[in-house]
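Asker: Pasting the sequence and the predicted coordinates here, then a few questions.
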Amino acid sequence: MHDLPSMTTKPLKPLVYLDHNATTPCAPEVVHAMLPFLSEEFGNASSGHAMGRRGAKAVELARKQISHAIGASIGEVFFTSGATESNNLILRGLTDLRPRRTRIVATAVEHPSIREPCRLLSEQGFDVVEIPVTPQGVVDIDAADRVINDNTLVVCIQGANNELGTLQPVGVLADIAHKRGALVHCDATQMLGKVPVSLVNLDADFAAFSAHKVYGPKGVGGIFVRSGLPRSAIAAPYRGGSQEGRLRPGTINVPGIVGFGEAMRLVEERGVDDSNRLRALRDDFEQRIKQTIPDVKTNGSLAERLPGTSSLTIPGIPASMLLANTPDLCISDGSACSSGAIEPSQVLLAMGLTRDDSEATVRISFGRNNTISDVRQAVASIALAVKAILIQMSA
Ligand code: PMP
């Protein structure tokens, strides 16, 4: 017999989840909406029989809920497996056509699902140019104005940064890009559900988003393609089915899409109330942590930010050690998507942080279920961990 760990051991403190930019829990309403489509309503939405038609109808309702929430029309929204696929699909869809324009412009703080395909395109001969950001993590408009030229095919600009929460001036960049005949792709993954998103105001031609960042399920996301763009502007990289206007063929993920639709309906219903509450929690957290650890720095805090995101540098305290010493907190060292990578965050380096400071930075992202007592526990836990780490390091 092996010794099994005791099942009765309980953590001393409740686990506090503060990593909502990595992912969110499914809202109970979302689970409720999805359940029938995981059991009795399992039909394939492409089947012509009654059950298939009910599935297809549920998908169209979700498309309506999502397009309404982002100010798009129903025909402009297509479903994918998530924002990584959406970002890749747009860049491939635009470049597979071997276009005349060969410059691709992206900000220096894009998510790897933009940065990595851009690197691949550069290896394939495209002229990929990065726009630098200010020390606050906001794109440098003058630099953008210099690099977006008449040879630019597409400009990629995220709506909000996953590590810092900084909001980017998408509309301003779109204006510059459009004047030079370039297309605009906005990775709206982090801004969706956290600040009002209107594709009309953003003036983007394409956008990518994901359900699991907005209290929906994992493995489902979307693409916005502005109507009126010539259909030939974007190739469909995959083959094998006619689903989603052939842009993304494959059996439709009915339960996931239904969950995404319900998640966006809730976002519309809860709207700014959630944002105000999250902002208050985040600001309270930052105030308390600064009182407790005076040399802490908040990155990007002078820029417009997502309401629930806080990026903290505690000089001299490696983020990996802070995480190991705060077992009651779910927080992130940089971006969860690049966790495990040994390299420090590209976003923080692009803002001008030193390698040491980048490695001493954690992201705390508040969500719908957090309370003031979570804020207090997080501050107390981090303060205790910093003391313990200083002792460990001086021993
Ligand atoms: N873009 C941004 C800005 C993100 O934060 C993420 C998720 N970390 C993605 C894209 C990828 O989203 P998904 O997990 O749906 O592939």
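Answerer: Nice, thanks for sending it over. Numbering: from 1, shown residues only.
Asker: which residues touch Pro217?
Answerer: With C-beta atoms under 8 Å, 6 or more residues apart in numbering as the criterion, the residues that contact Pro217 are Cys26, Val30, Met34, Ala211, Pro255, Gly256, Gly259, Phe260. Heads up, the C-betas are built off the backbone N, CA and C, glycines and all.
Asker: what residues does stretch 171-187 touch?
Answerer: 83, 87, 90-91, 94, 101, 105, 110-111, 113-114, 139, 141, 144-145, 148-150, 152-159, 170, 201-208, 229, 233.
Asker: PyMOL command for the buried members of those?
Answerer: Selecting only the buried entries of these in PyMOL, with 16 or more other C-beta atoms under 10 Å as the criterion:
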select buried, resi 83+87+90+91+94+101+105+110+111+113+114+139+144+148+152+153+154+155+156+157+158+159+170+202+203+204+205+206+207+208+233
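Asker: and Asp140, what is it in contact with?
Answerer: Asp140 sits next to Ile131, Pro132, Val133, Thr134 when contact means C-beta under 8 Å, 6+ apart.
Asker: go on, Ile74?
Answerer: Contacts of Ile74 by C-beta under 8 Å, 6+ apart are Glu60, Arg63, Lys64, Ser67.
Asker: Show me what whichever strand or helix holds the last one is packed against.
Answerer: Under the criterion DSSP states H and E, the helix or strand holding Ser67 is helix 50-69. Using 3 or more C-beta pairs under 8 Å, 6 or more residues apart in numbering; DSSP states H and E as the contact definition, the elements that helix 50-69 packs against are strand 77-80, helix 254-292.
Asker: Burial-wise, tell me which of those comes out on top.
Answerer: Stretch with highest mean neighbour count among the helices and strands packed on helix 50-69: strand 77-80 (a mean of 24; mean count of other C-beta atoms under 10 Å).
Asker: one step back: for the helix holding Ser67, give the mean pLDDT please.
Answerer: When pLDDT is averaged over helix 50-69, the result is 98.
Asker: Likewise for stretch 326-344?
Answerer: 74.
Asker: Stretch 21-31 now?
Answerer: Mean per-residue pLDDT for stretch 21-31: 98.
Asker: what's the first-to-last distance across that stretch?
Answerer: End-to-end distance for stretch 21-31: 20 Å, by C-alpha to C-alpha, to the nearest Å.
Asker: and that stretch, how far out from the chain's middle?
Answerer: Chain-centre distance of stretch 21-31: 14 Å, with C-alpha atoms, centre = their mean, to the nearest Å.
Asker: what sits up against the helix holding Ser67?
Answerer: 37, 41-47, 72-74, 76-77, 79, 197, 222, 252, 254, 257-258, 260-262, 264-265, 267-268.
Asker: Stretch 311-320 too?
Answerer: 163-165, 286, 289, 293, 295-300, 322, 333-334, 348, 353, 356-357, 359-364, 382, 386, 389-390, 393.
Asker: ok so, going back, could you list which of the contacts of stretch 171-187 belong to strands?
Answerer: Secondary structure defined by DSSP state E assigns Val105, Thr152, Leu153, Val154, Val155, Cys156, Ile157, Gln158, Phe206, Ala207, Ala208 of the contacts of stretch 171-187 to strands.
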